[in-house]
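Asks: I'll drop the sequence and a predicted model, then ask my questions.
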Amino acid sequence: MGVSYRWVIVALGALMSCVAIGAMFSLAIFQEPIATATGWSHVGIASAMTLNFIVMGFGGFLWGAASDRFGPRIVVMIGSVLLGLALVLASRAETLLQFQLTYGILVGLAASTFFAPMIAATIGWFDENRGLAVSLVSAGMGVAPMTISPFARWLISAYEWRPAMLIIGIAAWALLVPAALLVKRPPAETAEAGAAFAVDGAQPRLSKVFRSPQFIVLGLTFFACCAAHSGPIFHMVNYATICGVAPMAAVSIYSVEGLAGLGGRLLYGSLADRIGVKPVLVAGLLVQAAALATYLFVSELTQFYALAIVFGSAYGGVMPLYAVLAREYFGPRILGTVLGAATMLSSLGMAFGPLIGGWIFDTFANYSWLFIGSAMVGLGAAAIALAFPPLARQKPQPAFGVPS
């Protein structure tokens, strides 16, 4: 079962990440219909997304730690039930505050149950091709804008926003609850402790882990990477429209980025398995920074499409690599906790980008400083990544009592 079932775990992780992230980001599709039907302000509705990022960050750390202690199945089951409940309750919200509490907090809390636990579980099932496996799980996030968002748009057109959100909530239950029942812990023989942080083979000390150079560099790189690309991603459609691109065509740029991100995850994950995670990560961060700076010089749709392929593949490709590095530094025993803490930092970076981009546009009436600043932050992320300490070489397998 070990050889075949690990790919089942990959498929489950991809499905869960697609549904959870797709449901959360579908708020962009719901925003205008909700505002039109209720009279709630756009900023009030959009603030639910900011709450999503903040809650998702802190929730990711808590759920990651819970998955290390109790196993991933119970955590993703809770998340599956909670995500459907949150969407159902949000569809019934009568006030903006009720909507912000249900969609902004409960959806963010539910979505945070999937990433760290499923990535940690997936890595535990693989001794080889870890980069590719994690990239395939993460690819579910790239597929989300091409599946859940169009589905939400069709439902809104057919049934208005409240029934549409209710149907998505019920669909989340129907897809995720059975999938959660199929999640299994990785085989026991892969569950050795991180050699650099274990004490006589016991559970590694978290206080030592979070003060280590490995985690500090990991967390700061993840934060800077997300802070660099989140603002440009969020404001890309508006920027293209200002440059003279038709509104519907401008929306398609975002879809091209998502599709390129899917391919980038597979490409960068395969390269990481072949030549090592650190050089691929640094190269991807440099490509991302260069692409961000290049947006200052594009104005036509074909140029936007070409750059979207480069930019989307870069930011999509590097995201799964942080999990692979965390596994190689800290081992699988506390991987959920470490990934949860790193994801918390990345979510804070994601939350700042759109807000800073909006302030820049309101202040300067253009996005030039957004792309300049984002490119500089992207270069900073690459510089931080260069400081990753060398990976400790594993001792021969018999030291852990595991057969080769």
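Replies: Everything's here; your move. Remember, predicted model here, so these are calculated numbers, not experimental data.
Asks: from what I can see I156 touches P33, true?
Replies: Yes. Using Cβ atoms under 8 Å, I156 is in contact with P33, at 5.2 Å. (C-beta placed from N, C-alpha, C; glycine too.)
Asks: so what sits against both of these two?
Replies: The contact sets of I156 and P33 do not overlap (Cβ atoms under 8 Å, 6 or more residues apart in numbering).
Asks: I'd like the distance between A172 and P389.
Replies: 41 Å (Cβ to Cβ, to the nearest Å).
Asks: who has more neighbours, the two?
Replies: A172 (28 against 12; other Cβ atoms under 10 Å).
Asks: So for the more buried one, what pLDDT did the model give?
Replies: For A172, the model assigns a pLDDT of 94.
Asks: And what about it, helix, strand or coil?
Replies: When classified by DSSP: H, G, I helix; E, B strand; the rest coil, A172 comes out as helix.
Asks: And for V338, the neighbour number?
Replies: Neighbours around V338, by other Cβ under 10 Å: 34.
Asks: Can you check the pLDDT for it?
Replies: So V338 comes in at 88 (pLDDT).
Asks: Next up, the contacts around the spatially closest residue to F311 that is not a sequence neighbour.
Replies: With sequence-adjacent residues excluded and distances taken as Cβ to Cβ, 6 or more residues apart in numbering, F311 is closest to A291, at 3.9 Å. By Cβ under 8 Å, 6+ apart, the contact set of A291 is 307, 310-311, 314.
Asks: Tell me which of these fall in helices.
Replies: 307, 310-311, 314 (DSSP state H).
Asks: Make CSV from these and add distance to M344 and neighbour count to it.
Replies: Below are these laid out as CSV (distance: Cβ to Cβ, whole Å; neighbours: other Cβ atoms under 10 Å):
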residue, distance to M344, neighbour count
L307, 30, 21
V310, 29, 17
F311, 25, 28
A314, 23, 27
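Asks: just to revisit the earlier point, and the contacts of A291, which is closest to L182?
Replies: L182 has its nearest neighbour among these in A314, at 33.0 Å by Cβ to Cβ.
Asks: from what I can see the closest one touches T294, true?
Replies: No. Contact criterion Cβ under 8 Å: A314 and T294 do not qualify, at 11.4 Å.
Asks: from what I can see R162 touches S91, true?
Replies: Yes. Counting by Cβ under 8 Å, R162 does reach S91; the two are 4.9 Å apart.
Asks: So which of the two has more stuff around it?
Replies: A direct count of neighbours by other Cβ under 10 Å for R162 and S91 places S91 higher, at 21 against 18.
Asks: could you measure the residue nearest to F311 against R265, distance?
Replies: On the measure of Cβ to Cβ, A291 and R265 end up 16 Å apart.
Asks: just G13 next, same as before
Replies: As defined by Cβ to Cβ, G13 lies at a distance of 13 Å from R265.
Asks: shared neighbours of those two, which are they?
Replies: Shared contacts of G13 and R265, defined by Cβ under 8 Å, 6+ apart, comprise L136.
Asks: helices or strands up against the helix or strand where A144 lies?
Replies: Secondary structure from DSSP states H and E places A144 in helix 130-159. The contact analysis (3 or more Cβ pairs under 8 Å, 6 or more residues apart in numbering; DSSP states H and E) places helix 130-159 against helix 2-25, helix 27-38, helix 115-125, helix 161-181, helix 247-275, helix 301-318, helix 321-330.
Asks: Now pLDDT too, for the ones in helices among the contacts of A291, in CSV please.
Replies: Converted to CSV, the ones in helices among the contacts of A291 look like this (pLDDT from 0 to 100):
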residue, pLDDT
L307, 94
V310, 95
F311, 94
A314, 93
